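**Student:** sequence plus predicted model, see below.
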Amino acid sequence: MKIKILGTGCANCKKLEVNAVQAVKEMGIEAEIEKVENIQDIMSYGVMKTPALVVDEKVKAMGKILSPEEIKKHL
Amino acid sequence: MFILQGGWQALVDYLTIHRIISLFIAFFLSGAIAQFMSQGAVLKHFGPNAKKATSYFIASVSGAILAVCSCSVLPMFASIRQKGAGIGPAVTFLFSGPAINILAITFTFSLIGKDVGFVRVFGAVGLSLVIGLIMYFVYNKSEVVDANEAMFELDDAGERKGWQNVLFFATLIAILISGVKNPLPTLLLTAGLMIELYLFFSKEEIKAWAGETFSLAKKIAPLFIIGIFLAGVIKAIISPELMVRFVGNNSLGANLFSSLFGALMYFSTLTEVPIINSFIELGMQKGPATAMLLAGPSLSLPNMIIISRVMGIKRALTYIVLVVILSALVGMLAGAIIY
C-alpha cells in the first residue's frame, strides 16, 4: 500500500503525516508513506486544499487533518 | 529586565475584559467558518467556466471565507491559475487570502483603532482586486491554461439550506460587531443565535464547531500572546527618534519604506498587528503603518521565493512591485484624507 501526504510543509501537513504513521502502526499493515511537497506534483492529483491524503494514487481526503482513526478507514 | 517588563506591560495593557471577550467571539466566528462554510460553494467560482466577475469578487474576500492554512494559499493559487479561472482571480486570491483574516482584522480594530481597521479591510479587498486585474491585463495573453473543471467541484453540501447558513453567519458577525460595548443588542443577538442553533444544527455539528474553535485557539493564542509581548519589547528597545526619522511623516518615501519593509519581513499570523501598533506608539504615522499592514501579511522574503518558483520571476517581481507601490499609495492617501 502506498500512502502519500500532500502538503507544502506547514505544521498541518506534518500533523497529517504523523497521524498516518500512527494509523499504519496501529493497523499493523505494510505501507510506504511518502511526503509530496512540490506544488506541481500536488496539483497533478487535482488537489486544491492541503493537506491531502492519497492512498494507492487515489485522493481520499483534502483540506483536513484526519485523525488516525479517520485515516484507518481509508486504508 | 527593563525589556522583559516592557513585554509584560504590553500584555497587561492589552488584555482587558472587553478585548478578551471580543477575541473570544472572533475565535468562534473563525471556527464557524472553518467548520460550516461550504468549501464547494466557494470553490466552484474559481473554476475555468465560472463568471469572471464573480471569481474576482469571491477571490477578494477569500481570506475571510475560505479559512486557508497559510501553506494552502500557494497550492490553491497555482491551481486557480493553471487549471481554473486564470491568473487574474488567482493573484487576487493570493493577496487577499492572508490579508483578510477575521482574527487579524478584529485584532486591528480592537488594538489599533477603527480608522486603521476600516482602511485595512477595504484597502485589502480593493488592492487584491486591482492587483489581480493588472496582472490579468499584463500577463493573461501569455498564460497557458489547462482547464480542469472537475477540480473545482467539491460536493460538500450540508443538510442546511443556503439562507440558514447566511443567517447564522450574519448573526455571528453582528454579535462580533456589537460586542461588549452594546450589551443589550448583543444579548438579543446571542439569544437569536441559540434559537438558530437549536433549529438548524445537529448536536454533532455544534460539538465539531466547538472542537474546531478550540483547536484554532490552541494554535493561535500563543502566537497572539508572543506577538503582544514582542511588541512591548520593541517599544522598549527602539528609540522614538529613529522611528520618527524614517516614518514619522506621511510622505511617499515613508510609506514606501514601510510597505517594502512589510513586504520583506515575515510576520507570523496576527503578530503584525501588535508589532505595527508599537511602531505607531513610537512615532510611526498611521499612513505608513497602514501601508505596512497591507503589504505585510501577504508577502515575506521566503514567500517571495516560493511565489517566483510558481509564477516565474518576471510575474513574481511584477506582483511584488505592485503590492509595495500600491500599499504605499493607499497608506499615503489614507494618511492625507482620513487620519
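**Tutor:** Arrived safely. Numbering: from 1, shown residues only, chains lettered A, B, ... in the order given.

**Student:** in chain B, what secondary structure element scores lowest on mean pLDDT?
**Tutor:** helix B:62-66 (a mean of 76; mean pLDDT, DSSP states H and E).

**Student:** mind checking how far that helix is from the chain centre?
**Tutor:** Distance of helix B:62-66 from its chain centroid, counting by CA atoms, centre = their mean, to the nearest Å, is 8 Å.

**Student:** near B:Gly262, how many other residues are there?
**Tutor:** Using other CB atoms under 10 Å in any protein chain shown, B:Gly262 is surrounded by 28 other residues. The C-beta positions use only the backbone N, C-alpha and C, and glycine is treated the same way.

**Student:** and if you look at the one 4 residues further on?
**Tutor:** B:Tyr266 has 12 neighbours, counted by other CB under 10 Å.

**Student:** and the nearest residue to it once chain neighbours are set aside, what pLDDT?
**Tutor:** Among residues not flanking B:Tyr266 along the chain, B:Ser300 sits closest, at 3.7 Å (CB to CB, 6 or more residues apart in numbering or on different chains). As predicted, B:Ser300 sits at a pLDDT of 90.

**Student:** cool, B:Glu159 as well?
**Tutor:** Predicted confidence (pLDDT) for B:Glu159: 65.

**Student:** what residues are up against the most centrally placed residue in chain B?
**Tutor:** When CA atoms, centre = their mean is applied to chain B, the residue found nearest the centroid is B:Ile100 (2.3 Å). By CB atoms under 8 Å, 6 or more residues apart in numbering or on different chains, the contact set of B:Ile100 is B:61-64, B:121, B:124-125, B:128.

**Student:** any idea how far chain A is from it?
**Tutor:** B:Ile100 sits 18 Å away from chain A, going by CB to the nearest CB, to the nearest Å.

**Student:** and for B:Gly331?
**Tutor:** In terms of CB to the nearest CB, B:Gly331 sits 29 Å off from chain A.

**Student:** got phi/psi on the closest residue to chain B within chain A?
**Tutor:** Across chain A, no residue is closer to chain B than A:Cys10, which sits at 3.4 Å (CB to the nearest CB). Phi and psi for A:Cys10, reported as degrees, to the nearest 10, are phi -80, psi 170.

**Student:** who touches whichever helix or strand B:Ser55 is part of?
**Tutor:** In the assignment (DSSP states H and E), B:Ser55 maps to helix B:52-60. By CB under 8 Å, 6+ apart, the residues outside helix B:52-60 that reach it are B:42, B:45-46, B:65, B:80, B:85, B:88-90, B:92-93, B:96, B:125-126, B:128-129, B:132-133.

**Student:** out of these, which are buried?
**Tutor:** Buried subset of these (neighbour count, 16 or more other CB atoms under 10 Å in any protein chain shown): B:42, B:45-46, B:65, B:80, B:85, B:88-90, B:92-93, B:96, B:125-126, B:128-129, B:132.

**Student:** that older thread, what's the closest non-adjacent residue to the residue nearest to the centre of chain B?
**Tutor:** That would be B:Gly63: by CB to CB, 6+ apart, it lies 3.4 Å from B:Ile100.

**Student:** quick one, what contacts the one you found?
**Tutor:** B:96-101, B:124.

**Student:** repeat that for B:Ile131.
**Tutor:** Applying CB under 8 Å, 6+ apart, the residues near B:Ile131 are B:91-92, B:95, B:319, B:322-323, B:326.

**Student:** let's go with 6 Å and repeat that
**Tutor:** Applying CB atoms under 6 Å, 6 or more residues apart in numbering or on different chains, one finds that B:Ile131 lies in contact with B:95, B:322.

**Student:** what's the distance between it and B:Ala64?
**Tutor:** According to CB to CB, to the nearest Å, B:Ile131 stands 18 Å off from B:Ala64.

**Student:** surely A:Glu34 is in a helix?
**Tutor:** No - applying DSSP: H, G, I helix; E, B strand; the rest coil, one finds A:Glu34 to be strand, outside a helix.

**Student:** that one: neighbour count?
**Tutor:** Neighbours around A:Glu34, by other CB under 10 Å: 11.

**Student:** on that earlier part again, turn the contacts of B:Gly63 into JSON lines, including secondary structure and pLDDT.
**Tutor:** Shown next, in JSON lines, are those (DSSP: H, G, I helix; E, B strand; the rest coil; pLDDT from 0 to 100):
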{"residue": "B:Ser96", "secondary structure": "helix", "pLDDT": "92"}
{"residue": "B:Gly97", "secondary structure": "helix", "pLDDT": "89"}
{"residue": "B:Pro98", "secondary structure": "helix", "pLDDT": "89"}
{"residue": "B:Ala99", "secondary structure": "helix", "pLDDT": "89"}
{"residue": "B:Ile100", "secondary structure": "coil", "pLDDT": "88"}
{"residue": "B:Asn101", "secondary structure": "coil", "pLDDT": "85"}
{"residue": "B:Ala124", "secondary structure": "helix", "pLDDT": "95"}
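
**Student:** so where's chain B uncertain?
**Tutor:** Low-confidence segments of chain B, defined by pLDDT under 70: B:67-71, B:155-159.

**Student:** should've said chain A
**Tutor:** For chain A (pLDDT under 70), the answer is none.

**Student:** quick one: the helices in it?
**Tutor:** A:11-27, A:39-44, A:68-74 (DSSP state H).

**Student:** give the other helices and strands that the longest one contacts.
**Tutor:** Counting contacts by 3 or more CB pairs under 6 Å, 6 or more residues apart in numbering or on different chains; DSSP states H and E, the secondary-structure elements packed against helix A:11-27 are strand A:2-6, helix A:68-74.

**Student:** redo these as a markdown table? Include distance to chain B and mean neighbour count.
**Tutor:** Converted to a markdown table, the helices and strands packed on helix A:11-27 look like this (distance: least, CB to the nearest CB, whole Å; neighbours: other CB atoms under 10 Å in any protein chain shown):
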| stretch | distance to chain B | mean neighbour count |
| --- | --- | --- |
| strand A:2-6 | 8 | 21 |
| helix A:68-74 | 13 | 16 |
